[in-house]
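# Provide a 3D model corresponding to the input given below.
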Amino acid sequence: MIIIPWLILERTDSPAFAGLVAAISALPGILVSPIGGWMVDHIGRRTVSVGADLLSSLSVAAFPIVAATFGLSNPSILLIAVLGAAFDPAGYTARKTLLTDVAKASDADLNHLNGIHDGIMGVAWILGPAVGAGLIASVGAVNSFWVSAALFIIAALAISFLRVGDAAKESRETAEASGAETDSSMRVGIKTLWDDKVLRMLSVALLIIAAVYLPTEAVVLPTYFEDVDNPSGLGFVISALAAGSAVGSFGYGWISARMKRKTLIRFILLGSAVSIIPMAFLPPLSVSMLAGFLLGLSWGPYSPLISTLVQQRVPAHLQGRVFGVQTAVFYAAPPLGMVLAGLSVESYGIKATYIVLAGVLSVTSILVLLTKALRSNF
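Numbers count the residues shown, from 1 in each chain. From the prediction side, this is the model:
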């Protein structure tokens with residue numbers, strides 16, 4: 001998130017190309033995520049998670065390897081970024097489905113466990129951008145990729161030592177024993193997600209908000225802080241966002257026991273709409289960090305909430321494909337938003353682009369609040 005945009009801007013000074021790389025590297029996720037979900041349901045959750053992380057490690061290490069042998073060019077940067085993006089969705093989907101197995105093996109509440117899982121991811125996002133910015137300043141953008149490659153290997157080792165059951169296999173065997181027909185195709189993930197009105201509404205909301213918000217982190221903020229030559233400022237703002245998200249995620253288990261889900265969704269959407277507005281005006285760093293923290297805090301419970309809904313409303317042997325479709329949805333819209341954001345930054349400036357993006361996100365959040373699905377009991 002930090003090093004690739006910085007590397008591109010450092011070498012090309014073109015936010016439009018940074019947006020193009022971010023957009024094109026997101027495209028594999030649209031095609032690969034449903035396939036990854038199918039693999040999770042049929043090959044196994046742990047196997048897919050470990051394999052995806054090892055391949056991701058190789059793709060990240062390719063940046064310094066190519067730089068040392070052939071030299072990095074715009075086409076090679078784009079190619080490696082796309083290659084790496086092809087492996088990440090399967091691993092992400094596999095870990096989402098593994099949570100149901102971990103909850104059963106550890107006798108943990110699923111709401112609480114999802115909150116812990118996403119909270120720990122938030123903590124990683126606090127440390128990651130700050131470390132990334134520090135590595136850029138100390139060893140340079142290219143050599144920084146070695147750290148990411150090593151962390152992928154550690155992640156693969158961690159999952160390989162996990163000892164849990166296989167809820168997907170048990171669910172499939174139970175369904176077959178009862179005489180129910182089990183569809184092994186990838187399209188069942190789309191049908192299952194679409195037929196559930198609540199999951200459909202939340203997935204569409206995620207699609208639109210991701211298309212508007214992700215360009216701010218991938219294009220707008222890196223361009224602004226690169227212009228003012230302040231890589232640490234970029235790391236601090238992204239870390240503040242992650243800190244708020246971590247607190248919101250860790251608190252999900254506690255909140256879900258005390259608040260109705262539809263009330264929580266209202267809090268998430270309204271909080272996100274209000275808190276992104278100050279950031280759009282590019283205020284002093286301290287104000288940006290505070291607004292970023294509040295934005296992350298508002299959005300933090302969303303991921304564990306939607307994960308819990310899938311895990312509770314979808315049979316275990318279909319969860320990989322449903323999560324795969326949701327991941328594809330998450331990848332689908334941002335590419336266009338990133339390209340448009342990069343072009344807009346070059347044509348109309350950073351602040352004007354950020355204000356428009358924040359306005360669209362706020363309006364979308366309010367419109368989602370008015371949907372019929374949100375008024376149902378779930």
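
# shaky segments in this structure?
For the chain, the stretches with pLDDT under 70 are 22-23, 26, 173, 175-176, 178-184, 332-333, 373-378.

# I figured A167 hits K104, correct?
Yes: counting by CB atoms under 8 Å, K104 is a contact partner of A167 at 6.6 Å. In this view, the C-beta of every residue, glycine as well, is placed from N, C-alpha and C.

# so how far is I265 from G271?
11 Å (CB to CB, to the nearest Å).

# and the two? which has more neighbours close in?
Set G271 next to I265 and count neighbours by other CB atoms under 10 Å: I265 wins out with 24 against 21.

# which SS class is G253?
Following DSSP: H, G, I helix; E, B strand; the rest coil, we place G253 in the helix state.

# was I right about it contacting H117?
No: with contact defined as CB under 8 Å, G253 does not reach H117; the gap is 10.4 Å.

# between the two, which contacts overlap?
Each of P304 lies in contact with both G253 and H117 under the rule CB atoms under 8 Å, 6 or more residues apart in numbering.

# more neighbours: A167 and K104, which one.
A167 (23 against 15).

# and the more buried one, what does it touch?
Contacts of A167 (CB under 8 Å, 6+ apart): 100-101, 104, 316.

# which one of these is nearest to E226?
T100 (41.8 Å; CB to CB).

# and L162, its phi and psi?
The phi/psi pair for L162 (degrees, to the nearest 10) reads phi -70, psi 130.

# sorry, back to before: now render the contacts of A167 as a markdown table, adding secondary structure and distance to I8.
Shown next, in a markdown table, are the contacts of A167 (DSSP: H, G, I helix; E, B strand; the rest coil; distance: CB to CB, whole Å):
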| residue | secondary structure | distance to I8 |
| --- | --- | --- |
| T100 | helix | 39 |
| D101 | helix | 39 |
| K104 | helix | 44 |
| A316 | helix | 41 |
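
# in the chain, which residue is closest to the centre?
Centroid check for the chain by CA atoms, centre = their mean gives F330 as the closest residue, at 7.5 Å.

# which of the three states applies to the residue nearest to Y213 when sequence neighbours are not counted?
Once flanking residues are discounted, Y213 sits nearest to L361: 5.9 Å by CB to CB, 6 or more residues apart in numbering. Look at L361: counting by three-state DSSP, its state is helix.

# can you count the residues close to L361?
Residues within reach of L361, counting by other CB under 10 Å, total 24.

# what are the ranges of the helices in the stretch 101-250 of the chain?
Ranges of helices in the stretch 101-250 of the chain, per DSSP state H, counting those that start in this stretch, are 110-138, 141-160, 167-177, 187-195, 197-215, 221-227, 231-250.

# list the buried residues in the third one.
Of all the residues in helix 167-177, those buried under the rule 16 or more other CB atoms under 10 Å are 167-168, 171-172, 175.

# how about the longest one?
Neighbour-count burial for helix 110-138, with 16+ other CB under 10 Å as criterion, is recorded at 110-119, 121-123, 125-126, 128-133, 135-136.

# again, but for the second one
Along helix 141-160, these residues count as buried under the neighbour rule (16+ other CB under 10 Å): 141-146, 148-149, 151-152, 155-156, 159.

# the helices of the stretch 101-250 of the chain into CSV, with extra columns for distance to V21?
As requested, the helices of the stretch 101-250 of the chain are exported to CSV (distance: least, CB to CB, whole Å):
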stretch, distance to V21
helix 110-138, 17
helix 141-160, 14
helix 167-177, 35
helix 187-195, 29
helix 197-215, 13
helix 221-227, 11
helix 231-250, 17
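
# go through these and name the closest to L55.
Closest approach to L55 among the helices of the stretch 101-250 of the chain (CB to CB): helix 141-160, 8.7 Å.

# identify the residues contacting the closest one?
Helix 141-160 is contacted from outside by 3, 6-7, 10, 46, 49-50, 53-54, 56-58, 60-61, 63-64, 67, 72, 95, 98, 131-132, 135-136, using CB under 8 Å, 6+ apart.

# just the ones of those in helices?
3, 6-7, 10, 46, 49-50, 53-54, 56-58, 60-61, 63-64, 67, 95, 98, 131-132, 135-136 (DSSP state H).
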